[in-house]
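Colleague: Sequence and predicted structure are below.
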Amino acid sequence: PRPRPPFPAHKGIWDKPTLLNNVETYANIPQIILKGAEWFASIGTEKSKGTKVFALGGKINNTGLLEIPMGTTLREAIYEIGGGIPDGKAFKAVQTGGPSGGCIPAEYIDTPIDYENLIALGSMMGSGGMIVMDEDNCMVDIARFFLDFTVEESCGKCTPCREGTKRMLELLDKITEGKGTIDDIDKLQTLATTIKSASLCGLGQTAPNPVLSTLKYFKHEYEAHVNEKKCPAGVCQALLQYKVIPELCKKCGICATKCPVNCISGVKGKEVYVIDTDTCIKCGACLSACPFKAIIKG
């Protein structure tokens with residue numbers, strides 16, 4: 001990456017004018033030549049023409065590649081083509097544009113997919129990723145997951161991206177571990193805005209999108225991690241506690257036999273079992289093993 005100008009269209013490879021596009025873009029050219037510009041322009045929206053290929057994944061029944069006309073709504077892509085969310089779970093958000101895209105909440109599910117709308121919502125078209133999230137996803141953890149990728153991908157040439165993304169990741173780690181403060185949320189916002197405006201290339205300029213979009217739409221989850229030391233989705237392990245509901249416990253002892261650190265005590269057939277939260281390693285083995293749904297996490 002280098003400062004522009006000159007742009008590649010004026011001076012690129014071998015100092016000659018160079019056209020840079022995805023293969024997907026080039027693949028449209030033969031069809032436009034064969035069928036004409038009017039045919040191509042008849043597909044899509046006023047400003048975003050043609051079709052777009054998306055890789056649909058995450059919490060969705062039908063995963064895979066889909067090619068849809070620009071202007072297709074997120075709802076159509078997720079429910080009519082993707083088959084909706086497994087196990088009847090509630091749709092929470094969708095992340096578009098690959099690791100540097102933003103997370104779009106459920107309230108915007110009827111948004112037509114085009115370049116302008118996605119950018120307006122804090123996301124982008126990008127590489128065509130479409131990752132669906134349900135009610136069980138923690139949006140702070142999601143931001144941390146995608147930022148971890150961009151930290152590894154940074155070439156390191158410019159300081160905002162090289163250092164800034166690492167500092168953001170450290171703050172997200174701190175928050176998901178239950179050690180964050182309100183000041184850390186403010187620092188995340190400032191860092192993300194600075195990195196977006198000061199980085200040299202597209203990776204650094206878009207790397208903060210997962211953080212900025214989740215701060216915009218799911219700030220309450222960040223605040224719960226910081227103020228209540230609680231992960232609302234029950235994902236961040238450091239903030240989890242497993243408890244036995246006495247009214248549902250059948251005193252069978254199955255949970256105790258599955259615990260790898262023997263932190264569950266009780267007398268089979270006589271006593272309600274109890275989890276020692278100080279020694280619990282939060283592996284979830286007891287939760288999975290209990291056939292009576294007598295163990296909860298939160």
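Modeller: Yep, that arrived. None of these values were measured; they are calculated from a predicted model.
Colleague: so where do the strands sit in the stretch 51-200 of the chain?
Modeller: Assigned by DSSP state E, counting those that start in this stretch, the strands in the stretch 51-200 of the chain fall at 51-58, 64-69, 91-96, 103-105, 129-134.
Colleague: between the last one and strand 64-69, how many degrees?
Modeller: Meaning strand 129-134. Here strand 129-134 runs at an angle of 110 degrees relative to strand 64-69 (axes from the mean of the first three to the mean of the last three Cα atoms, to 10 degrees).
Colleague: Show me what strand 129-134 is packed against.
Modeller: Judged by 3 or more Cβ pairs under 8 Å, 6 or more residues apart in numbering; DSSP states H and E, strand 129-134 is in contact with strand 51-58, strand 91-96. Glycine gets a C-beta too; all of them are placed from N, C-alpha and C.
Colleague: The protein: helices as residue ranges?
Modeller: Here the chain has its helices, by DSSP state H, at 23-26, 28-35, 37-41, 74-75, 115-120, 139-153, 159-176, 182-198, 202-206, 209-217, 219-223, 254-258, 285-289.
Colleague: out of the ones you listed, which comes closest to Ile131?
Modeller: Ranking the helices of the chain by their distance to Ile131 (criterion: Cβ to Cβ) puts helix 139-153 first, at 8.6 Å.
Colleague: can you list the strands of the stretch 51-200 of the chain in a markdown table and add mean pLDDT?
Modeller: A markdown table is the format used below for those (pLDDT from 0 to 100):
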| stretch | mean pLDDT |
| --- | --- |
| strand 51-58 | 95 |
| strand 64-69 | 96 |
| strand 91-96 | 97 |
| strand 103-105 | 97 |
| strand 129-134 | 96 |
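Colleague: Which among those strands is found nearest to Gly122?
Modeller: Using Cβ to Cβ, the strands of the stretch 51-200 of the chain put strand 103-105 closest to Gly122, at 7.7 Å.
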